[in-house]
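[1] Provided below for reference: sequence and predicted model.
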Amino acid sequence: MGNAASNGDVQLNRRRIAGGGVLIGIGGLLGFTGMLLVGSAIVSAARQRVSQLEQPPSELAKRRWQQARAATTAGAKAWRNSPAAKVSS
């Protein structure tokens, strides 16, 4: 065995390390670009979907909230006005 192997020195190929770093950077850039394209497509599709609705989402939410409040009020009135249950022993 040579002297380098006995000391535990590791020989690194700097060109391969630099090439790997460049490829990692390019891959990251491509991945980021892909995420931007997918995000843009999703936002565009969502905007198209909202524009096709008969009512805006805010109006739909208001109507559903009013329906829920009315149902809650009716349920509470029915519960308060119901006859008391008799418990037999």
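    On my side now, so go ahead.
[2] where does the chain dip in pLDDT?
    Applying pLDDT under 70 to the chain flags residues 1-7, 85, 87, 89.
[3] Name the residues of the longest helix along the chain that come out as buried.
    Selection of the longest helix in the chain by residue count, based on DSSP state H, yields helix 14-52. Within helix 14-52, no residue is scored as buried using 16 or more other CB atoms under 10 Å. All C-beta spots, glycine's among them, are computed from the backbone N, C-alpha and C.
[4] Tell me how far the most centrally placed residue in the chain lies from A45.
    Nearest residue to the geometric centre of the chain (CA atoms, centre = their mean): G39, 11.4 Å. Separation of G39 from A45 (CB to CB, to the nearest Å) stands at 11 Å.
[5] give the contact list for V10.
    The contact partners of V10, taken as CB atoms under 8 Å, 6 or more residues apart in numbering, number zero.
[6] Next up, phi/psi of it, please.
    Main-chain torsions, V10, degrees, to the nearest 10: phi -110, psi 130.
[7] do D9 as well
    With angles defined as degrees, to the nearest 10, D9 sits at phi -70, psi 140.
[8] Start the count at 59 instead of 1 going forward.
    In the new count, where the first residue is 59, that last one comes out as D67.
[9] circling back to that earlier point, C-terminal to the longest helix of the chain, which secondary structure element comes first?
    Per DSSP states H and E, the first helix or strand lying C-terminal to helix 72-110 is helix 115-139.
[10] If you count contacts, what does that next one end up packed against?
    Packing contacts for helix 115-139, counted by 3 or more CB pairs under 8 Å, 6 or more residues apart in numbering; DSSP states H and E, involve no helix or strand.
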